Structures are given as structure tokens and as C-alpha cells.
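**Student:** no sequence for this one, just the structure:
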RNA sequence: GCCCUGGUAGUAUAGUCCGGUUAGUAUACGGGCCUGUCGAGCCCGGGACCCGGGUUCAAAUCCCGGCCAGGGCGCCA
């Protein structure tokens, strides 16, 4: 028979002056121990936060004290004691320990300092990621991430979107361009999806408005702070809307997410030292052509039709702080499924959502005419044959539609003020990291 | 893939230019003292020069190659 686990009466954060003199039962990890000889202070950490447990020699039997002699960081403990208001404690309140049980011991020395007193490099931290995540600051990032995902789903449902799931294992490249990971698929070759693009377009003919939040894969040789091999995309596609309709949805989503994070993650924002403001609607919109002129004013020439390089975006980001859209990119710089403008097919009904110099989202009106789509496939040098299944759908009644894909982790970088995307991914994957 | 910079105890660093003491410090860890710590303090202890080759009387230090890391570019979200 296994002994039943001890019961928790309160979380660490609930140890507050209001419950002075209450008996509590706490479960958690030893964050720090400060042993003064006759008195010992334990910082007990659980998912909610940290509280102080005070152990007085005079209060406890020798046997218990002996077992506590080598109590160390990250040991799992069960503490029973009484809450006491205590002006001498920084938090104003502490738990005077009466019974302490060590449920699991951590090895020592630990490979990484969870309290953050000695800084560790990102590479070391990621090697011991589970320990790293116990640091309150790193922990806060992922509590905010949880709120972002919940807020996004809430927003989409309020706006009549249906959550869908499309395949991660695909037969051919959806967009050309980005490099794909090849996987063995029984006796043939398959690829990991880099985007839900074609599937979500097909699904608007059924559900009208769909969204998907999920991982996608790019086998790029990227070596930057904002690229990884596996990332999360928040994607939507909506029938009977054009680029302006989905831009409006996007900016409202961003505002909704900000509101929820500010409401629900005050403590985490404080820990991260982030002063998050709710952006004003609508976000500024600039055409590609206007941005070219702006760059010229800074003495940076860029041939019409070329996409912005990082140096261009950094210049634009200097001037445009916060969120803004760039619209109407040259058709040739965009994927085949983007709708060219009727009055000038050289430019497209496309947009990017930027935050300063960082690209957060990309979208636009999609082509809904099969003939035009086939023409664009050919122009981009793609083989129409591979898209037969997709093209058929256009014969069954394809409404005008538009959509976008938003880089979840990039948004999280903005919200948490982190400058390396690896900071905001639990277990990041890039060309140089496949474990843990 | 290309370019720049780096690799020293568990962690983070000094020393490297200009080759030569016992490779310094902080923190973590072990031992001791300590009844109000909250970056606790004080004393003691063990613990390191990425790998391979070369130059030299002598290499952490200089040279070459490799591997790894940080950043930038390209590509992209």
C-alpha cells in the first residue's frame, strides 16, 4: 500500500497577514535556506510564489532538527505550522514551522543557481531548463504565455471563429520558399508542415472563419535571436473579408491580449519589470511605397520590388515604435496565393504586422479564383500538378477570403520584453539544439 | 550557409595583448560559529585552463585545425 500524499491547505501566496494565527499545511520546493544556528529560515516556493518558513530550534524535537541539518535547495518539503504576522520579516508574515517532512531530496551542488544570484548563460540555462524554469522570472514568462493563449481563444470564439487542426505531416511544400524537414513516412517521403495555409483556405468553404494555434517547422539555417526550427503560429482565415477586415481582427486581438495580460498577470509583469500599456486602435498603416520613400529620406536606397532587409527594418523600427502595419507589398515578393490588386497587379493585397523592427504577422487577401491561382503558381515556378487536391476546392464554391499568421513566440517576446526567442520557448529547437 | 567575438572550478568571471610565482574573485558545495535572516555574516576546506596538433627550454597565454557558444547577415514568422 502506498501512503497517500500529504494535503495542502494553502499556497505560498495565500500566506498573508489576513490569516494570522491560522494553521497551514504547505507543499513545495526549498528555494533558499538561511541557517543562523538557533533559527533557520526556509524560503518555500510553490507554483504560486514564495513564502518564508521559520524554524526555531527551541520549538522542535532534536530528531526533526537532525533531519533538517542538511536541508538544501530544491528539496521537496511538506511543512505544517502557524501563520504569524512578523514585522521583522520582509514579507510581513511567516509560517512558524512545527512539522517538517522532506519528501524528496535534490542533488547538490545543483548545476544551475535557481535563485539567479549567479547569472548563467542562456545555453547553460537551456541545458537545465526544468531548473531554469523554477526561477520566478522565467516562470512568469510562461504564465503570461498561458494567458495569451487563453485570451486568443476567447477572442476568436467571441468573433465566431472555429478552432481547427490541420496536418503536421504533409506530402509537398505548401509555399515553396522556406526549407522543410523531411521525414520518413512508411515507404515514402513526407515533410513537416511549415504553415497551415492551404488547409485553412480550404476550410473557409466549410466553417467560414477558422483559427489554428499550433507548432510549425522550418529547416532554415537561421542563426538569429528571432528564429527557431519549431515555432508556434496563431493562424486565421475568414470568408467574405479582405485584407482590411482581417487586419482589424488582428489589431483587436492584440489589444484584447494586452488587456487580459495586464488584468490577469500583474504580478508576473512586475517580476519581469515590464510596464505593459494597452496599444491604441487603429494601429498605424503604411504602404510599402511610403516606407520606400521614408528609407530614401534616411539615405537608404532600395529597388522597388525588393523586400526589406534587416537593416531597413531596423531603420523603420527606430521611427515607428510599437505596433504598425506595412501594406501592399510587391506581388513578386509574396507567396503565390496572395491576391494582386485589381488596378495594379504589381502590388498585392498583403500586409505585415510589425512591432518596431520585428515582424510579428503576415497576411492578406487570398486569391479565390482558380485560374488566377494556377497562373500565379506557374509564375512562381511551382508545379501545378502537386496542388491538384488544393485546386479542386476552388471548383466547389470559393468565396473571397483573407487571413494571417501571427508568430506566437514573437508576440511573447514583445509582451515580456525578451530579446531572444529561446527565452520564451520552454524547450527551443534550432540548428544547434535538439535536447532537452 | 557566411562574417565577427569568445571557450578558465557546478555556475559566472579575472588573467591571455607582452609565454615563466601556488591560475585570482564571486557564488554554489563540504566543515565550524551564530535566535531575525531576507544578496545574511565571519572562519576553514575541496574544486578549473574545450579537444587535437605545432612553435618553444617553457603554452591557459602564440600559431593551425576541429568542436561548441554568443551576436550579426542572408532566409523568414
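**Tutor:** All right, it came through fine. All of these numbers come straight from a predicted model, not from anything done at the bench.
**Student:** can you give me the strands for the stretch 301-436 of chain A?
**Tutor:** In the stretch 301-436 of chain A, the strands defined using DSSP state E, counting those that start in this stretch lie at A:323-327, A:350-355, A:358-366, A:401-407.
**Student:** redo the ones you listed as CSV? Include mean pLDDT and distance to residue A:425.
**Tutor:** For glycine as for every other residue, the C-beta is placed from the backbone atoms N, C-alpha and C. Formatted as CSV, those follow (pLDDT from 0 to 100; distance: least, C-beta to C-beta, whole Å):
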stretch, mean pLDDT, distance to residue A:425
strand A:323-327, 95, 22
strand A:350-355, 95, 18
strand A:358-366, 94, 16
strand A:401-407, 96, 11
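**Student:** now render those as TSV, adding mean neighbour count and distance to residue A:167.
**Tutor:** Shown next, in TSV, are the strands of the stretch 301-436 of chain A (neighbours: other C-beta atoms under 10 Å; distance: least, C-beta to C-beta, whole Å):
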stretch	mean neighbour count	distance to residue A:167
strand A:323-327	22	30
strand A:350-355	24	25
strand A:358-366	22	19
strand A:401-407	24	16
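**Student:** between the ones you listed, which one is nearest to residue A:1?
**Tutor:** strand A:401-407 (50.6 Å; C-beta to C-beta).
**Student:** for the closest one, which strands pair with it and how are they oriented?
**Tutor:** If you go by DSSP bridges, strand A:401-407 pairs up with strand A:230-239 (antiparallel), strand A:358-366 (antiparallel).
**Student:** what about the first one, distance to the chain center?
**Tutor:** Translated: strand A:230-239. 13 Å (C-alpha atoms, centre = their mean, to the nearest Å).
**Student:** average pLDDT for the first helix or strand past that strand going along the chain, rounded please.
**Tutor:** Proceeding C-terminally, strand A:230-239 gives way to helix A:243-264 as the next helix or strand, assigned by DSSP states H and E. Throughout helix A:243-264, pLDDT has a mean value of 97.
**Student:** picking that back up, redo the strands paired with strand A:401-407 as a markdown table? Include distance to residue A:3.
**Tutor:** Below are the strands paired with strand A:401-407 laid out as a markdown table (distance: least, C-beta to C-beta, whole Å):
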| stretch | distance to residue A:3 |
| --- | --- |
| strand A:230-239 | 40 |
| strand A:358-366 | 50 |
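**Student:** reformat the ones you listed as a markdown table; add distance to RNA strand B.
**Tutor:** Putting these into a markdown table (distance: least, C-beta to the nearest atom of the strand, whole Å) gives the following:
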| stretch | distance to RNA strand B |
| --- | --- |
| strand A:230-239 | 4 |
| strand A:358-366 | 4 |
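**Student:** for residue A:385, find the nearest of these.
**Tutor:** strand A:358-366 (20.9 Å).
**Student:** what angle sits between that closest one and strand A:323-327?
**Tutor:** Taking axes from the mean of the first three to the mean of the last three C-alpha atoms, to 10 degrees, one finds that strand A:358-366 is oriented at 40 degrees with respect to strand A:323-327.
**Student:** can you give me the angle strand A:358-366 makes with helix A:243-264?
**Tutor:** 140 degrees.
**Student:** neighbouring contacts of strand A:358-366?
**Tutor:** Contact partners of strand A:358-366, identified using C-beta atoms under 8 Å, 6 or more residues apart in numbering, comprise A:201, A:226, A:237, A:242-243, A:246-247, A:250, A:313, A:317, A:323, A:334, A:337-339, A:348-354, A:400-407, A:410-411, A:413-414.
**Student:** repeat that for stretch A:306-315.
**Tutor:** A:291, A:295, A:298, A:300, A:302, A:316, A:329-330, A:333, A:354, A:357-359.
**Student:** RNA strand B contacts on the stretch 301-436 of chain A?
**Tutor:** A:307, A:309-311, A:313-314, A:359-362, A:405-407, A:409-410, A:420-422, A:432-433 (C-beta under 7 Å from any atom of the strand).
**Student:** for residue A:185, find the nearest of the strands of the stretch 301-436 of chain A.
**Tutor:** Of all the strands of the stretch 301-436 of chain A, strand A:401-407 comes closest under C-beta to C-beta, at 24.7 Å.
**Student:** what's next to the closest one, contact-wise?
**Tutor:** By C-beta under 8 Å, 6+ apart, strand A:401-407 touches A:195-197, A:200-201, A:204, A:231-243, A:245-247, A:250, A:253, A:349, A:351, A:353, A:359-366, A:368.
**Student:** what angle do that strand and strand A:350-355 make?
**Tutor:** Going by the same axes, to 10 degrees, strand A:401-407 is angled at 30 degrees with respect to strand A:350-355.
**Student:** and strand A:401-407, how far out from the chain middle?
**Tutor:** Taking mean C-alpha positions (C-alpha atoms, centre = their mean), strand A:401-407 and its chain are 17 Å apart.
**Student:** can you list the domains in chain A?
**Tutor:** Chain A breaks down into these domains under automatic domain parsing: A:12-104, A:132-424.
**Student:** would TSV of the ones you listed with distance to residue A:4 be doable?
**Tutor:** Formatted as TSV, the domains of chain A follow (distance: least, C-beta to C-beta, whole Å):
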stretch	distance to residue A:4
domain A:12-104	12
domain A:132-424	26
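**Student:** for residue A:92, give its distance to RNA strand B.
**Tutor:** Remark: distance between residue A:92 and RNA strand B (C-beta to the nearest atom of the strand, to the nearest Å) = 9 Å.
**Student:** I meant residue A:76, not that one.
**Tutor:** With distances taken as C-beta to the nearest atom of the strand, residue A:76 is found 15 Å from RNA strand B.
**Student:** which residue is the nearest non-sequential neighbour of residue A:245?
**Tutor:** Distance criterion C-beta to C-beta, 6 or more residues apart in numbering; nearest residue to residue A:245, sequence neighbours excluded, is residue A:402 at 6.2 Å.
**Student:** residue A:399 too?
**Tutor:** residue A:239 (4.4 Å).
**Student:** based on its surroundings, how many neighbours for the one you found?
**Tutor:** Using other C-beta atoms under 10 Å, residue A:239 has 20 neighbouring residues.
**Student:** that one bridge partners, please.
**Tutor:** Counting by DSSP bridges, residue A:239 forms beta bridges with residue A:401.
**Student:** so it is in contact with residue A:202, correct?
**Tutor:** No. Between residue A:239 and residue A:202 there is no contact under C-beta atoms under 8 Å: 11.3 Å.
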